[in-house]
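**Q** pasting the sequence and the predicted coordinates here, then a few questions.
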Amino acid sequence: MRTLLFLSGSSLRTSLNARLSLAAARFAETRFDGQINVLTVDLMEYDLPPIEPSAADDPSVAALTKLFDGADGFFVSADEYTGAFSTQFRLALNWLMLAKAAPHPVLSGKPTALVGAAPMGVGGMRGLPALKHLLQVAGMDVHMQQLRPDTSGGPVDGNGNLTASAENLMLEGALGRVAELLQATSQDQG
């Protein structure tokens with residue numbers, strides 16, 4: 001069974017996109033039960049050092065690398081920080097791009113759903129193209145989607161679950177595509 005790792009690019013645990021990542025993970029656990037193993041990670045739990053050769057053996061870097069190397073695909077829900085992304089996300093990605101797990105780079109070729117949401121307006125749309133480019137430079141197979149707010153106020157309801165419209169949009173969009181790719185590779189090797 002393939003593993004799909006859900007994470008938020010936000011440094012704020014209460015942000016819309018942090019909540020979106022958790023809600024999407026809960027939805028995927030139910031929707032793909034027995035087909036895809038769902039894991040979540042909070043990048044803020046890792047005390048990552050600045051990029052420098054002497055820090056390459058840092059325990060946080062090693063733990064992060066092991067987790068990402070064990071995943072077959074990713075779901076990234078990304079906030080926008082004035083047209084960019086959080087420093088913690090960038091630092092984690094830099095370490096993962098430098099990491100090598102025998103016999104392959106950690107992120108290379110792995111399908112990735114890149115999803116952004118905003119409570120109003122275009123929100124994360126300005127930052128998503130730059131983040132998509134960075135993830136592609138890391139070798140990831142990126143499938144991007146922006147969830148625009150609907151009349152109910154967003155993709156996550158008051159209970160922390162995806163709204164029905166968000167579920168449908170993601171199944172027809174980035175999450176559905178990544179799940180298809182993971183299931184196809186699981187069947188090819190099964």
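**A** Perfect, I can see it now. Residues are numbered from 1 along each chain as shown.
**Q** before we move on, which element is the residue nearest to the spatial centre of the chain in?
**A** The centre of the chain sits closest to Val76, judged by C-alpha atoms, centre = their mean, with a distance of 1.8 Å. Secondary structure assignment for Val76, by DSSP states H and E: strand 73-77.
**Q** tell me what that strand is packed against?
**A** Secondary-structure packing of strand 73-77 (3 or more C-beta pairs under 8 Å, 6 or more residues apart in numbering; DSSP states H and E): strand 2-8, helix 16-31, strand 111-117, helix 174-189. Every C-beta, even on glycine, is put in place using the N, C-alpha and C of the backbone.
**Q** neighbouring contacts of the second one?
**A** Contacts of helix 16-31 from elsewhere in the structure, counted by C-beta atoms under 8 Å, 6 or more residues apart in numbering, are 4, 6-10, 12, 36, 38-40, 75-79, 115-119, 124, 147, 154-156, 160-162, 166-167, 170-171, 175, 179.
**Q** pairing partners for the next helix or strand after that helix, with directions?
**A** The helix or strand immediately downstream of helix 16-31 is strand 36-41, counting by DSSP H and E. Strand 36-41 sits in its sheet next to strand 2-8 (parallel), going by DSSP bridges.
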